[in-house]
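S.K.: when you get a sec, could you give me coordinates for this:
(one chain, ligands or ions: 1)
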Amino acid sequence: MKLSFTKMQGAGNDFVVIDATRQPFSLSPEQLRRLGDRRFGVGCDQILVVEPPDAPDVDFRYRIFNGSGEEVEHCGNGARCFVRFVQEQGLSRKTELRVRTVNNVLTLRSQDDGRVQVDMGAPRLNPESLPFESAGLQADAQGLWPLALADGDAVKLALVSMGNPHAVLWVDDVDQAPVALRGPQIQADPRFPQGVNVGFMQIQSRTRARIRVYERGAGETLACGTGACAAVVAGIRAGLLDAAVEVQARGGLLRIEWDGVGSVFMTGPAETVFQGSIEL
Ligand SMILES: N[C@H](CCC[C@H](N)C(=O)O)C(=O)O
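M.R.: From the prediction side, this is the model:
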């Protein structure tokens with residue numbers, strides 16, 4: 001079958017976007033993996049699917065699949081590209097959209113400066129919401145959870161769900177962070193039965209941070225929107241960050257705001273790279 005798609009990126013996190021508003025979405029995991037494959041397919045971190053609304057309170061449904069084929073709960077950089085796509089494709093003339101994911105309703109606002117602001121919903125702070133199996137473990141005074149690793153080392157993790165699971169470590173220098181070593185080790189830990197995205201955050205001041213994320217189902221990406229949100233929430237809860245933080249990812253800059261109670265707001269870029277089609 002011939003599939004038309006739009007290639008997009010938000011702060012270097014890249015996506016294949018599919019319009020499923022006119023024909024139902026029905027790709028198999030193998031076809032999704034082929035789409036995501038950077039050698040045998042198009043190549044992307046995630047596949048985003050735009051579907052008609054499933055209730056009167058939202059404008060669209062928003063579905064996300066990692067490049068490895070499995071469906072996931074949330075993608076923040078993808079949400080910004082979602083509204084850009086909908087506007088460019090003439091699917092809506094609104095500048096503010098409400099979209100439903102598998103476990104969230106997001107509000108997406110395109111701004112006059114070309115960036116997009118996403119209401120990411122409220123973080124979920126109980127470890128069970130990731131899920132994380134905490135039996136026999138105790139969080140420390142900063143709310144960090146100890147995790148013993150296979151090679152005998154141990155790490156301390158902040159655990160935050162943005163609808164999808166995140167474990168955050170503090171590092172002194174993201175450029176020296178052991179992302180390729182610790183990312184897979186922590187993801188493989190059986191205490192994360194549905195896996196986890198692993199963030200490495202360097203706090204530069206109360207309003208600036210740098211981050212790298214080893215994503216579930218994608219490996220290290222150039223930016224992770226939900227990962228930046230989870231890291232800032234963890235930093236604010238630890239008393240290390242103010243309510244508005246500029247987060248520098250390898251692929252671009254994201255602004256994250258959280259009042260400590262309600263929704264997390266993320267603002268950043270969203271670009272269309274090219275249109276294409278592929279025989280699947
Ligand atoms: N890898 C993530 C999904 C994509 C999240 C990321 N690309 C973002 O911008 O939030 C997961 O398995 O939960």
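S.K.: who in the stretch 151-280 of the chain is up against the ligand?
M.R.: Contact residues (CB under 6 Å from any ligand atom) of the stretch 151-280 of the chain with the ligand: N164, N197, E215, R216, G217, A218, T221, C224, G225, T226. Heads up, the C-betas are built off the backbone N, CA and C, glycines and all.
S.K.: at 8 Å instead, please
M.R.: 162, 164-166, 195, 197, 213, 215-218, 221, 223-229 (CB under 8 Å from any ligand atom).
S.K.: which of these fall within helices?
M.R.: If you go by DSSP state H, these have G225, T226, G227, A228, C229 in helices.
S.K.: how does the protein divide up, domain by domain?
M.R.: The chain breaks down into these domains under the TED database: 2-117+270-279, 127-262.
S.K.: I'd like those as TSV, with mean neighbour count and mean pLDDT appended.
M.R.: Shown next, in TSV, are the domains of the chain (neighbours: other CB atoms under 10 Å; pLDDT from 0 to 100):
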stretch	mean neighbour count	mean pLDDT
domain 2-117+270-279	18	96
domain 127-262	19	97
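S.K.: quick one: G114 and K7, what's the gap?
M.R.: Separation of G114 from K7 (CB to CB, to the nearest Å): 18 Å.
S.K.: now, which of the ones in helices among the residues of the stretch 151-280 of the chain next to the ligand sits nearest A209?
M.R.: Nearest to A209 among these, counting by CB to CB, is A228 at 8.3 Å.
S.K.: distance of the closest one from V273?
M.R.: According to CB to CB, A228 stands 21 Å off from V273.
S.K.: and G12, by the same measure?
M.R.: For G12, the distance to V273 - CB to CB - is 11 Å.
S.K.: got it, and L97?
M.R.: Note on L97: its distance to V273, by CB to CB, is 21 Å.
S.K.: now do V49
M.R.: For V49, the distance to V273 - CB to CB - is 18 Å.
S.K.: repeat for D14
M.R.: 8 Å.
S.K.: now for these two: what residues contact both?
M.R.: K7, M8 (CB atoms under 8 Å, 6 or more residues apart in numbering).
S.K.: the closest residue in space to G268 that isn't next to it in sequence: which element?
M.R.: Distances taken as CB to CB, 6 or more residues apart in numbering place L254 nearest to G268, at 4.3 Å, with adjacent residues excluded. Element membership for L254, per DSSP states H and E: strand 252-258.
S.K.: name the residues that touch the next helix or strand after that strand?
M.R.: From strand 252-258 onward toward the C-terminus, using DSSP H and E, the following helix or strand is strand 264-268. Residues from elsewhere that reach strand 264-268 (CB under 8 Å, 6+ apart): 10-11, 76-77, 80, 111, 115-123, 162, 223, 225, 228-229, 232-233, 252-258.
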